[in-house]
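*Asks:* Next comes the sequence, and after it the predicted model I'd like to discuss.
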Amino acid sequence: MFTHEDLANLQAQSLKMQHHIRRQTFSPEHEKTLRRFSSWEVSELIFRINQSTFRGRLAQDPDLPGGEVEEDGRQRWFSLTEINELRRKMKINRHSLMPKRPAGKRAIRVAISNFKGGAGKSTVALHMAHAAALDGYRVLLVDFDPQATLTHSMGLHSVSEELTVWGIIARDLVRETDRMNAAPRAAESGTALPQRRLPASIRDQGLGDLRNTDFIKTTAWPTIDIVPSCANAAFVEFASAQYRHLNPDWSFFAAVSRWLDGLQNDAYDMIIFDCPPAIGYQSMNAVFAADVLYIPSGPGYWEYDSTTSFIGQLAEALGDLAAGFDDSFPTGKMKLPKTFLELRFLMTRYEPGNDLHRAMFEAFKKVFGDRVANEPIEMTRAVEQSGRFLSSVYEIDYRSMTRETWRRARASFDRAWIEFRDTALSAWDKLEDEQ
Ligand SMILES: Nc1ncnc2c1ncn2[C@@H]1O[C@H](COP(=O)(O)OP(=O)(O)O)[C@@H](O)[C@H]1O
Ligand SMILES: [Mg+2]
């Protein structure tokens with residue numbers, strides 16, 4: 001017989017193993033660091049220019065950062081900070097290398113969502129964030145999933161639960177309840193609205209006093225920050241149900257959107273949400289705050305089946321919000337009924353040589369038309385291999401695997417990234433200035 005204590009013991013054993021793997025991987029301080037990128041990568045893969053043009057520029061201009069020369073003296077290796085400096089200082093045929101971004105608008109927000117576990121959500125979120133950062137964008141990741149795959153992949157481990165999406169939701173409850181309690185008396189009757197009380201267990205945590213930026217952590221990537229998650233945040237679903245009961249007028253689904261409205265417009269370019277594999281308070285907050293909905297799906301029939309059910313459930317949940325909450329429920333700058341500026345289905349773990357996968361991809365296109373991303377993400381061993389080192393394909397040093405394996409994987413993510421970026425840019429154009 002096995003009790004909860006046996007499960008806890010098994011988990012303790014497994015945590016030891018995880019710790020061991022991290023120690024081996026992130027030496028010497030057990031902290032994740034970001035590698036340097038070779039002049040081959042910087043020119044051909046990042047700036048997409050000729051390698052000799054790049055070398056010529058470096059030789060000409062002593063003001064440009066020169067990177068570090070490796071021991072055999074053949075390649076120069078640049079940090080991302082140096083790459084960003086090069087991007088600012090260099091022009092190629094009078095063209096800027098700076099990433100496109102509409103001036104004056106806030107960051108664009110993309111939710112990677114599907115209720116199926118293993119659809120590739122976290123892998124897509126991680127790789128799109130890394131590709132965006134290598135293209136010069138400043139990224140904020142929000143991990144809505146208490147399994148915390150994305151958080152762990154970004155190298156964060158000791159996360160306190162107040163500083164997760166749960167903290168943002170609970171702080172919002174406290175602030176919104178205070179705001180409602182302070183609202184003027186009802187005009188017609190002249191009587192005060194009933195004061196809503198929150199229990200000390202919520203009040204006394206001091207969440208109401210947290211600043212917007214307290215939830216944001218830096219990472220090994222100088223231009224990627226994260227709102228991390230942790231296993232303890234799993235109770236957010238139970239807690240949120242209780243919070244709604246405490247204050248039924250609270251627009252619970254707009255908590256994260258309101259928090260994002262409080263960030264500086266130019267603090268980030270792209271905000272990417274990794275969603276949990278279930279409909280609930282966290283995923284509703286994610287989709288409500290998003291401008292763009294990206295729906296990854298594996299290439300099998302059951303994945304198609306479950307993606308179909310996901311969009312049905314989401315339609316119903318968003319329909320319920322629109323029916324249940326009117327203008328008297330403030331939802332921050334995001335309005336009801338919820339509209340997405342762009343929407344894409346993205347096939348993941350796709351094998352181009354597999355007839356069944358190709359047939360499934362065709363079926364997706366037949367059903368969802370232009371809403372299907374043209375560039376699926378290919379199934380590749382490089383994802384597994386880099387994952388073993390708690391890294392993305394972009395982070396792993398290409399010398400640690402067969403160059404061709406790495407190159408193919410990176411090319412697939414690059415194609416998906418270009419499409420992701422163009423979709424984000426198209427949504428950005430449609431984003432109202434006042435939003
Ligand atoms: N393109 C890919 N090639 C190979 N393995 C992949 C690829 N995408 C995802 N995987 C693997 O599939 C599993 C599930 O992916 P994950 O991104 O964690 O899904 P989700 O976040 O939707 O649950 C992981 O083990 C991941 O390494
Ligand atoms: Mg995941």
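*Replies:* Done, it's in. Ligands and ions are numbered 1, 2, ... in the order given.

*Asks:* which ones are touching the closest residue to ligand 1 within the stretch 151-300 of the chain?
*Replies:* Each residue of the stretch 151-300 of the chain has a distance to ligand 1, by CB to the nearest ligand atom, and the smallest belongs to residue 277, at 5.7 Å. C-beta coordinates here come from the backbone N, C-alpha and C atoms, glycine included. Taking CB atoms under 8 Å, 6 or more residues apart in numbering as the criterion, residue 277 is in contact with 114-119, 121, 145.

*Asks:* What is the longest helix of this structure by residue count?
*Replies:* Longest among the helix segments of the chain by residue count, using DSSP state H, is helix 403-430.

*Asks:* Who does the closest residue to ligand 2 within the stretch 151-300 of the chain form a beta bridge with?
*Replies:* The minimum distance from the stretch 151-300 of the chain to ligand 2, using CB to the ion, falls at residue 274 (6.0 Å). The partner list for residue 274 in beta bridges (DSSP bridges) reads residue 112, residue 143.

*Asks:* didn't it look like it was pressed against residue 147?
*Replies:* No. The criterion here is CB atoms under 8 Å, and residue 274 misses it with residue 147 at 9.6 Å.

*Asks:* Those two: which is more packed in?
*Replies:* Higher neighbour count among residue 274 and residue 147: residue 274, with 28 against 18, using other CB atoms under 10 Å.

*Asks:* hmm, back to that, relative to residue 158, how far out is the residue of the stretch 151-300 of the chain closest to ligand 2?
*Replies:* Separation of residue 274 from residue 158 (CB to CB, to the nearest Å): 19 Å.

*Asks:* Chain neighbours aside, what residue packs nearest to residue 393?
*Replies:* With CB to CB, 6 or more residues apart in numbering as the criterion, residue 393 has its nearest non-adjacent residue at 4.7 Å, and that residue is residue 409.

*Asks:* contacting residues for that neighbour?
*Replies:* 378, 380-383, 393.

*Asks:* now that we have the residues you listed, which one has the most neighbours?
*Replies:* Counting neighbours by other CB under 10 Å, residue 393 leads the contacts of residue 409 with 28 neighbours.

*Asks:* which residues touch that residue?
*Replies:* 127, 380, 382-383, 386, 406, 409-410, 413.

*Asks:* Need the max-distance pair from the residues you listed.
*Replies:* In these, the most distant members under the criterion CB to CB are 127 and 406, with 13.2 Å between them.

*Asks:* Between these two, which is the more surrounded one?
*Replies:* More neighbours sit around residue 127 than around the other of residue 127 and residue 406, counting by other CB under 10 Å; the figures are 27 against 22.

*Asks:* care to break this structure down by domain?
*Replies:* According to the domain assignment given by automatic domain parsing, the chain is divided into the following structural domains: 30-96, 108-184+193-430.

*Asks:* quick one: average confidence on stretch 3-20?
*Replies:* In this model, stretch 3-20 carries a mean pLDDT of 85.

*Asks:* show me what contacts residue 342?
*Replies:* Taking CB under 8 Å, 6+ apart as the definition of contact, the neighbours of residue 342 are 291-293, 423-424, 426-427, 430.
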